[in-house]
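[1] Sharing a model prediction with you, sequence too.
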Protein chains: 2
Amino acid sequence: MAKVTFRFEEGEPVVTYATEGERLLEVAQKSNVPIDAPCSGNASCGKCRVRLVSGELDSKITRHISEEEYQNGWRLACVSTVKGDVEVEVPDIASAYRSRMKVADLSSPSEIAIFEDTKKKITDAGLELKNSMQVITISMEEPTLDDTMPDNERVTWAVQAATGLERVRIPYSVLKKMPDVLRESHFQAQCVVRVTANDVFLYDMLPMEAKAVVGGLVVDIGTTTVSALIVDMLSGEILAKASSGNGQIRYGADVINRIIESQKPGGHERLQNAIIKETLNPMISNMCRAAKISSQQIYRAAIAGNTTMEHLMMGINADPLRMEPYIPAFFKTNSLFASDVNLAIHPDAHIILAPNIGSYVGGDITAGALVSMIWNRPEMSLFIDLGTNGELAFGNSDFMVSCACSAGPAFEGGDISCGMRATDGAIEKCTIDPETMEPSYHVIGDEGTKPIGLCGSGIIDVIAALFRAKMVNPKGKFIREGRRIRHDKYGMGSYVIAFEEEAGSVRDVEITEVDIDNFIRAKGAIFSAIRTMLNYLDMDVSMIEEVYVAGGIGSGINMKNAVTIGMFPDIPLEKFHYIGNSSLTGAYSMLLSTAAEKKTYEVARNMTYLELSTVPTYMDEFVAACFLPHTDTTMFPSVEA
Amino acid sequence: MAKVTFRFEEGEPVVTYATEGERLLEVAQKSNVPIDAPCSGNASCGKCRVRLVSGELDSKITRHISEEEYQNGWRLACVSTVKGDVEVEVPDIASAYRSRMKVADLSSPSEIAIFEDTKKKITDAGLELKNSMQVITISMEEPTLDDTMPDNERVTWAVQAATGLERVRIPYSVLKKMPDVLRESHFQAQCVVRVTANDVFLYDMLPMEAKAVVGGLVVDIGTTTVSALIVDMLSGEILAKASSGNGQIRYGADVINRIIESQKPGGHERLQNAIIKETLNPMISNMCRAAKISSQQIYRAAIAGNTTMEHLMMGINADPLRMEPYIPAFFKTNSLFASDVNLAIHPDAHIILAPNIGSYVGGDITAGALVSMIWNRPEMSLFIDLGTNGELAFGNSDFMVSCACSAGPAFEGGDISCGMRATDGAIEKCTIDPETMEPSYHVIGDEGTKPIGLCGSGIIDVIAALFRAKMVNPKGKFIREGRRIRHDKYGMGSYVIAFEEEAGSVRDVEITEVDIDNFIRAKGAIFSAIRTMLNYLDMDVSMIEEVYVAGGIGSGINMKNAVTIGMFPDIPLEKFHYIGNSSLTGAYSMLLSTAAEKKTYEVARNMTYLELSTVPTYMDEFVAACFLPHTDTTMFPSVEA
């Protein structure tokens, strides 16, 4: 056995043992070392870079590592096998998606504005902002030798009196603490209850002097990025907010690769652990610390994710999703509790899932469709969720059609050599002087934060600017020369936005022809899906009255640039509205408002699902869309002008 | 730190470390070494005997270890402290209650006769032998591209069609296996369901070719002895049967000592683990092996125990039970599931508890009262459960009164130097020739099994025989001499039933004056409780029309001898009926018959609870009863004759 040591820029090294000939990437995966492998280890993405510190590896040479980099010890983990004891460094930048968690600073009004806005939208649509959770105070006679009623019956009587409901359900978790709480508080107590028409469920019992908080958890499980909130279920106030890379990333960038990985022995459990134990539970723990509440004070959760994410989170076999006839185990379920999946909140907390409507159109889009409000308007509206799974809905208060396309992780920085999530250090806006070819950019973070990569909105800006400056041709190949443009020995061109010395990382921040090509395919998938869906409905883009764009692509998206690269149809810019992470705000609405929850199920039921792969013209549309802006430039008159 | 090694007659030794001066008993308890300490380590019971193999212990000398035994290395763990590295042997006989588990041989008709009898009694009383569990077969259309209903909706439809009920509840555990079972079985499946008036709960889903067994678990948690069954819930057939010492014994012989122990840091968890993880789960695992089913095929459990046992099993603070005004956390609960308490059966299995009616009259007696059938007869009947907690009920179909007395573990062999549970090696019957003073006895087990101790029925026989042969006086002191009677240096007399060479253990099987004294106090507690309860009702023993005696005292109990020693009132012997472990048969009835379950709750509600400690005459009655047969011999005319 060879000893393998993984070092990190921060934190303790991980030491493990491997047999000779074992692939370094697999050694890392077995030891939970977070090396990204969005291509599942096929040497095609170049993300799994590590640097040899000591010892040797048997490594293949690929286009992803330059000769100089190879000399400096850089290797791809997926094409390196163990020869003997070895020590490698896993660079921070290699974690392209910056999977480290970030807890938001809620003192910034921009972080919470979108939720205030969501509450207003929900209320304006006539959905009451009220859920079944309450805090009630009960006061009982203390028992005596003549009044020896047991504790649980005493509490039941008091809760019946306080709520007027006959049926009171007391779970084990509450029965267990009941004798102590009652005696500590002289038979007075605060009860966290869920009150429905049929019964009262006693979630918690607290002494009178304790601070009763009815916490709720809201989660958007993206294929690439996970976002979460802890909210006060009574006021709707955001108590904490966090985002993180999805821990499943190291098992594949897209849903198909993850499903394939889940079919290997122990795969379901591994993928479930990656999202629950490695991603969500640490987020919950950090958010609770920020919100100064106990995780046991989170009594309900609303989770939205695409169909695969919801299955994998539950450890349920997702293989039938990718095999004809593409059947999910569930669209919705009413019987999922935190203890079922070891989610680290109150064990009896009910988990509500945003409903799926097909194997590739999931809860993220039904939750998003809810807050897009397209179901409540007469205008023909298009709702686009720019995720790894690109999902669309089109319609109005009379009808809705939805479909999904595989865009890949490019919008969230995946499949892009310097791509990253929209967090500190990401270039989120960029322009390029057509004359000097010098860039100006804006970096997320405090004043002076140095750039370490590009997030989705930044990539759109860079590609649009390169195209407008005629630095790249419609195929995305470099056609001008300059100090920021270079070509490697394979002839692949790239543009450096920030040289190493200006950057916050050990590498230049650049965009390569491969990156541009990946992004063109992502935007092409979206545009062709829009076209195919409209054709299917005998409509064209001129009939679109409003467009709602959602996704974690950046705090904003330059719609003009998105049209320039042919991602969105060439219609008046004022029709476009960026609505942020609508999967998260949708789940937030479902948690806070029982009426919104019900409405989401109704929206899901009423939405027709169009399986694009069954539409013969989709592939042609896609191929035609894989240009800047499109092979048919007449479709983009404003760009041509 | 000193290294402490515990060796056993069978199995691997346990090695641990202790600080000098630490009590050996506590070292053992921390390491889960089963050394019995029914007196909680007060050097009063003499049960915690160990033998020094190497090293030294700082040990006090007590009356429980003879000089010769001390020379041979025998020590009491409770008065021995660690001085340095030491190795001790924990003798099998020291485990007086034989806490090792025993799985019954069901080929012996005597093991199952009592359950057949119970079924008959229940049915004769008009309680239908039917519960809500069923196995149904469902058959669905396989999904196609035109029929993409998700699995759980497809199953819901099929179950609705099969049962005619609208509301189908599918828990996570079933949803998780559903995609695989459906596809393995071509969308046909067997479903284990619970069907009530309101809904169908889907406990399990199995492929068509699998053997569907609806297993149920029945448990009697005695303070000293735990008995359990696995039954087929559809037929009532006994699939396996086992008994074991209660793993909590090492924390104290009676409920009060256990509650005190539970109040120490981590105590609730330690006592809960001792019964669930160390006692019940191994019993379940062994029974499942014997029954050739999976523990996941046990979908429901009925558990009876006294109020303290039910609280400690649930990890619920039992301290209020022993403090005025003696309030339990619950009499009954409807929301306890196997996963709540880590009982190793199906996680969604509902655990039904035989209802408590007071802090010292618990589910064991309500379950027992059910099968005693005293609630269904016009005759004035007395029901006696001879446990560590002696519990009584008196009444008929019009009224019932119950009370409890602390008899101690003597009926199950506790507090008796050579006492043991009624398992292999126990002397269960004994006579003594009044002339020769030689004993004849019967040992439980195969032909030729050598005696290793005395179980409850054997102790009654021996004491009655000693008294009848005038070998002991009414105070239980030896008043004759002979080769089997000896006195130690403290003057304490004893009678040897089997000398070491005839016995199956390393010691003589004997009964000492201390044993007789302990037993007299146990029988005195029972008799004085009977008298006090009857006095309270303005009745006397002549009004008792039937007596039902229950308890794990032995396969039978010689009623004449029990009257001789003054344990039971001197009424015609034909009125006495031994009904075995009625807590177990009662729980068995509750599991199999929903009607019996409801009847038990009704019996519990209708039973008046008499707290003996509030009756001023009880203590006088008890003192008067602590003689053979009684201070007032006129109450025992047949004995006097």
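    Right, received. Where do you want to start?
[2] got the residues of the stretch 301-450 of chain A near chain B?
    Proximity of the stretch 301-450 of chain A to chain B, by CB under 8 Å from any CB of the partner chain, involves residues A:314-317, A:319-320, A:324-331, A:333-337, A:339-341, A:356, A:358-359. No exception for glycine: its C-beta is placed from N, CA and C like everyone else's.
[3] I'd like to know which of these are buried.
    The neighbour count (16 or more other CB atoms under 10 Å in any protein chain shown) marks A:314-317, A:319-320, A:326-331, A:333, A:335-337, A:339-341, A:356, A:358-359 as buried among these.
[4] and the residue in the stretch 51-200 of chain A that chain B sits nearest to, what does it touch?
    Here the residue of the stretch 51-200 of chain A nearest chain B is residue A:172; by CB to the nearest CB that distance is 3.8 Å. Counting by CB atoms under 8 Å, 6 or more residues apart in numbering or on different chains, residue A:172 touches B:314, B:333, B:335, B:336, B:337, B:340, B:341.
[5] Apart from its neighbours in sequence, what residue is nearest the residue most central in space within chain A?
    Closest to where the C-alpha atoms of chain A average out (CA atoms, centre = their mean) is residue A:222, at 2.6 Å. Once flanking residues are discounted, residue A:222 sits nearest to residue A:387: 5.5 Å by CB to CB, 6 or more residues apart in numbering or on different chains.
[6] what does the model give that neighbour for pLDDT?
    Here, the pLDDT recorded for residue A:387 equals 83.
[7] Just give me the neighbour total for it.
    Counted with other CB atoms under 10 Å in any protein chain shown, the neighbours of residue A:387 add up to 31.
[8] cool, residue A:54 as well?
    Using other CB under 10 Å, residue A:54 has 10 neighbouring residues.
[9] So which other helices or strands are in contact with the helix or strand containing it?
    Using DSSP states H and E, residue A:54 maps to strand A:49-59. Secondary-structure packing of strand A:49-59 (3 or more CB pairs under 8 Å, 6 or more residues apart in numbering or on different chains; DSSP states H and E): strand A:2-8, strand A:74-76, strand A:80-90.
[10] from those, which stretch is densest packed?
    strand A:74-76 (a mean of 23; mean count of other CB atoms under 10 Å in any protein chain shown).
[11] tell me what it is packed against?
    With contacts taken as 3+ CB pairs under 8 Å, 6+ apart, strand A:74-76 sits against strand A:49-59.
[12] Tell me where chain A is predicted with low confidence.
    The model of chain A has pLDDT under 70 over residues A:38, A:92-100, A:554-555.
[13] Could you chop it up by domain?
    What automatic domain parsing lists as the domains of chain A is A:2-90, A:111-128+A:216-353, A:133-206, A:363-409+A:520-640, A:410-513.
[14] And those domains: which comes nearest residue B:553?
    Set against residue B:553 and scored by CB to CB, the domains of chain A come closest in domain A:133-206, at 30.1 Å.
[15] So what would you say the end-to-end distance of the closest one is?
    The straight-line separation of the ends of domain A:133-206 (CA to CA, to the nearest Å) is 15 Å.
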